[in-house]
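Student: Predicted model follows, preceded by the sequence.
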Amino acid sequence: MKQRLQRSQFGRNAGFTLIEVMVALVIVAIALAAGVKAAGALTDNASRLREMSAAQWCAENQLTELRLGKQFPGIGDSEFACEQFGQSYRGRLVVRPTPNPNFRRVDALVSADGEHNLLTISTIMGRF
């Protein structure tokens, strides 16, 4: 009787089949692939956030400099360059008239490569 009991404990029912092990490995592989993809997306998002923050600082610096100059901006376009985090950015200030002659619309457009705009910040400046 004891011999039967020992045989049933360690017999066919004691381990995993090859199919069960393969299914478990497939599940682990899918989970790892999803984790790697999520980590890559986080890295891309962090790099994009850094680039957008630097571009925003460049645009805000130019608009602040224009405000601190306390001069009513002339209508037209002007170029500027900025460096943040060791990266060079190019920008353009676009000043346009508004229906009220005492105000001007100023757009600061910033790009990293000179062609593709990363960011545009607009403001209204009044006559001082």
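Tutor: Noted; the coordinates are in hand.
Student: What is the burial count for residue 56?
Tutor: As a burial measure, the neighbour count of residue 56 was computed by other CB atoms under 10 Å and equals 16. Every C-beta, even on glycine, is put in place using the N, C-alpha and C of the backbone.
Student: mind listing what the nearest residue to it once chain neighbours are set aside touches?
Tutor: Excluding the flanking residues, the one nearest residue 56 by CB to CB, 6 or more residues apart in numbering is residue 119, at 5.8 Å. By CB atoms under 8 Å, 6 or more residues apart in numbering, the contact list for residue 119 reads 52, 55-56, 59, 109-110.
Student: Over to residue 126?
Tutor: By CB under 8 Å, 6+ apart, the contact list for residue 126 reads 102-103.
Student: Kindly state the beta-bridge partners for it.
Tutor: Going by DSSP bridges, residue 126 is paired in beta bridges with residue 103.
Student: element containing residue 107?
Tutor: With the criterion set as DSSP states H and E, the secondary-structure element containing residue 107 is strand 103-111.
Student: next one: residue 90
Tutor: For residue 90, the secondary-structure element it belongs to, assigned by DSSP H and E, is strand 87-97.
Student: Now do that strand: everything it contacts.
Tutor: Applying CB under 8 Å, 6+ apart, the contact partners of strand 87-97 are 51, 54-55, 58-59, 62, 66, 73-83, 104-112, 114, 118.
Student: thinking again about what came up before, report the separation between the residue nearest to residue 56 and residue 98.
Tutor: Taking CB to CB, to the nearest Å as the criterion, residue 119 is separated from residue 98 by 22 Å.
Student: residue contacts, residue 101?
Tutor: The contact partners of residue 101, by CB under 8 Å, 6+ apart, come to none.
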